[in-house]
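Asker: Structure for the following, please:
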Amino acid sequence: MDIRHLSSDADRRLAVPILQQLWTDTSPAEIMAWTAQEEYTLIGGFLEDELVAVAGVRIDDFLHHTRHAWLYDFVVNEPHRGEGYGTALLEYVEEWASSNECDVIGLASPLAKSQVHQYYTARGYEQWGYILEKEV
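Answerer: This is a model prediction of the structure:
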């Protein structure tokens, strides 16, 4: 799998249908807007010319008072799930975060997604707390 950063509008448009598998209620225009933010990095995994996996990550310095990468989006195109592309992309993102002097990589996941939690814990991720939110 060839992994590269998706920074052009054309590359980001390729990622929209895959990201909509994760963000099912989000419009293509909304996805294009947030993936264009300067501090957001979109990374894609390709099989030849086919985009099969996407990760969206941002580096911040405020959470836990340490430099960290936050994985906002991570999805493998449904026909390619279970083929190892997600693991390869996640390993790339972890190496990228380390090379950008991050101490940790973190993410949020809905409580009901136990298979997702198992995927990450099998790869060394640890649950250390909860994320709480309230609509305003």
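
Asker: Run through the residues that contact the nearest residue to residue 53 once chain neighbours are set aside.
Answerer: Closest residue to residue 53 apart from its sequence neighbours, by CB to CB, 6 or more residues apart in numbering: residue 45 at 3.9 Å. Every residue, glycine included, has its C-beta placed from N, CA and C. Contacts for residue 45 were tallied using CB atoms under 8 Å, 6 or more residues apart in numbering; they are 1-3, 51-54, 85, 88-89, 92.

Asker: Restricted to buried residues, select these in PyMOL.
Answerer: Here the buried members of the contacts of residue 45 are turned into a PyMOL selection, burial being counted by 16 or more other CB atoms under 10 Å:
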select buried, resi 1+3+51+52+53+54+85+88+89+92
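
Asker: Output the below-cut-off pLDDT ranges for this structure.
Answerer: When the per-residue scores of the chain are filtered using pLDDT under 70, the ranges that remain are 63-65.

Asker: ok, which stretches of it are strands?
Answerer: 2-5, 40-47, 50-60, 68-76, 104-107 (DSSP state E).

Asker: of all the ones you listed, which lies closest to residue 121?
Answerer: Residue 121 lies closest to strand 104-107 among the strands of the chain, at 11.9 Å (CB to CB).
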